[in-house]
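1. sequence? don't have it. structure:
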């Protein structure tokens, strides 16, 4: 705890990293003096190449970083690697436009302990303590960025409250009848009349809707399905209909059975690296260019995915 208090009081990220034995940082162009951090707003990004959630989040963070840079807003990110070897670290880092702590220093465990990082990906701003009206050290920025993107900057508690207020205002519906009708044109289902504001507010209260978009599923028995509708549709699509817990269990069991029937690893004639069986919500097959869901054969070295039916196997391995 004493170390954590030190971090909260420190006024410069260079001091924090220097205390951990870091003498320089890495960029895509080579070594960067640690002094380059002086006076900048810094976030630490804990991530690993083998972590699929990290692979999914990193492009979003790159987009945010570039957007802020292009807008003239000052933010630097420092990558703290949880990779298993230097080769994977370099593969992971080459897609990042920010800085990194050299892999060989092996500081990820000490820094993660100091800043209470218990999962990856994690993005924290150690110098924005709650006393500075910012997001506290214990709070992670991943969810904030996934929800709001670059709008979340500068990651202060005040900004978070502003965004929540905007969300709350949106819950009251479209801003005018014209906007409502434009939205309705895109929807093949029914709608509560625009002027029935009380019904909308009552439904938000009854189903505890705190943000949008939100999807509440009602089962055949007229009762709300416990599972989050947005997540169920995102994961399983129409296969989960009628969206009961028992049906969702059946879908998950069927997917496991499909996966058990496929080899764990394959060597495809069209790709130089071995491909590993993986589950993904959605992807684009690099062979037929068609969309895919659920099972895919993916490359751990590069961003390459194949439908199981598009694999031309040499020697499948378990």
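-> Ah, there it is. Computed from a predicted structure; not experimentally measured. Residues are numbered from 1 along each chain as shown.

2. What residues of the strand or helix carrying residue 26 count as buried?
-> Per DSSP states H and E: residue 26 is located in strand 24-27. For strand 24-27, the neighbour count (16 or more other CB atoms under 10 Å) marks 24, 25, 26 as buried. (C-beta placed from N, C-alpha, C; glycine too.)

3. After it, heading C-terminal, what element do we hit next?
-> Going down the chain from strand 24-27, the next helix or strand is strand 30-33, by DSSP H and E.

4. name the helices or strands packed onto the next helix or strand after that next one?
-> Using DSSP H and E, the helix or strand that follows strand 30-33 in sequence is strand 42-47. Identification of packing neighbours for strand 42-47 by 3 or more CB pairs under 8 Å, 6 or more residues apart in numbering; DSSP states H and E yields helix 52-70, strand 76-81, helix 108-114, strand 122-124.

5. among these, which gets the worst mean confidence?
-> Looking at the helices and strands packed on strand 42-47, the lowest mean pLDDT belongs to helix 108-114 (a mean of 83).

6. So which elements touch that one?
-> Packing partners of helix 108-114 (3+ CB pairs under 8 Å, 6+ apart): helix 2-9, strand 42-47, strand 76-81.

7. Please identify the buried residues of it?
-> 108, 111, 112, 114.

8. do stretch 176-183 as well
-> By neighbour count on 16+ other CB under 10 Å, the buried set for stretch 176-183 is residue 180.

9. chain center to it, what's the gap?
-> On the basis of CA atoms, centre = their mean, to the nearest Å, stretch 176-183 sits 31 Å off its chain's mean C-alpha point.

10. Also stretch 222-231?
-> So, by CA atoms, centre = their mean, the centroid of stretch 222-231 is 23 Å from its chain's centroid.

11. What's the end-to-end length of it?
-> 20 Å (CA to CA, to the nearest Å).

12. And stretch 189-208, by the same measure?
-> Using CA to CA, one end of stretch 189-208 lies 22 Å from the other.

13. what about that stretch, average pLDDT?
-> On average, stretch 189-208 scores 84.

14. Equivalent analysis for stretch 153-170, please.
-> 77.

15. could we number from 549 for the rest of this?
-> Right, with 549 as the first residue, what we last looked at is stretch 701-718.

16. Return the distance of that stretch from the chain's centre.
-> 19 Å.

17. cool, and stretch 770-790?
-> The answer for stretch 770-790 is 21 Å, by CA atoms, centre = their mean.

18. which residues sit against it?
-> Contacts with stretch 770-790, where a contact means CB atoms under 8 Å, 6 or more residues apart in numbering, come from 755, 761-768, 791-793, 795-796, 799, 829, 841.

19. okay, which residue is most central for this protein?
-> Closest residue to the average C-alpha location of the chain: residue 605 at 3.6 Å, with CA atoms, centre = their mean.

20. Give me the distance between it and residue 729.
-> Relative to residue 729, residue 605 is positioned 36 Å away (CB to CB, to the nearest Å).

21. again with residue 819
-> 49 Å.

22. Identify the bridge partners of residue 594.
-> residue 628, residue 670 (DSSP bridges).

23. what's near enough to touch it?
-> Here residue 594 is in contact with 628, 630, 656, 659, 660, 665, 668, 669, 670, 671, 672 (CB under 8 Å, 6+ apart).

24. My read is that the third one contacts residue 626, right?
-> Spelled out, that is residue 656. No. In this structure residue 656 lies outside contact range of residue 626 using CB atoms under 8 Å: 11.5 Å.

25. Out of the helices and strands packed on strand 590-595, flag the one nearest residue 644.
-> Between residue 644 and the helices and strands packed on strand 590-595, the tightest spacing by CB to CB is seen for strand 624-629, at 5.8 Å.

26. Just want the angle from the strand or helix carrying residue 841 to helix 600-618.
-> Using DSSP H and E, residue 841 sits within strand 839-847. Strand 839-847 runs at 100 degrees relative to helix 600-618, counting by axes from the mean of the first three to the mean of the last three CA atoms, to 10 degrees.

27. Check which residues of strand 839-847 are buried.
-> So strand 839-847, judged by 16+ other CB under 10 Å, has buried residues 840, 841, 842, 843, 844, 845, 846, 847.

28. Please name the bridge partners of the third one.
-> Listed by DSSP bridges, the beta-bridge partners for residue 842 are residue 828.

29. So for it, what's the pLDDT?
-> 83.

30. Let me know whether it touches residue 826 as I believe.
-> No. The pair residue 842 / residue 826 is not scored as a contact, 9.9 Å apart, by CB under 8 Å.

31. Name the residues contacting each of these two.
-> Between them, residue 842 and residue 826 share no contacting residue, judged by CB under 8 Å, 6+ apart.
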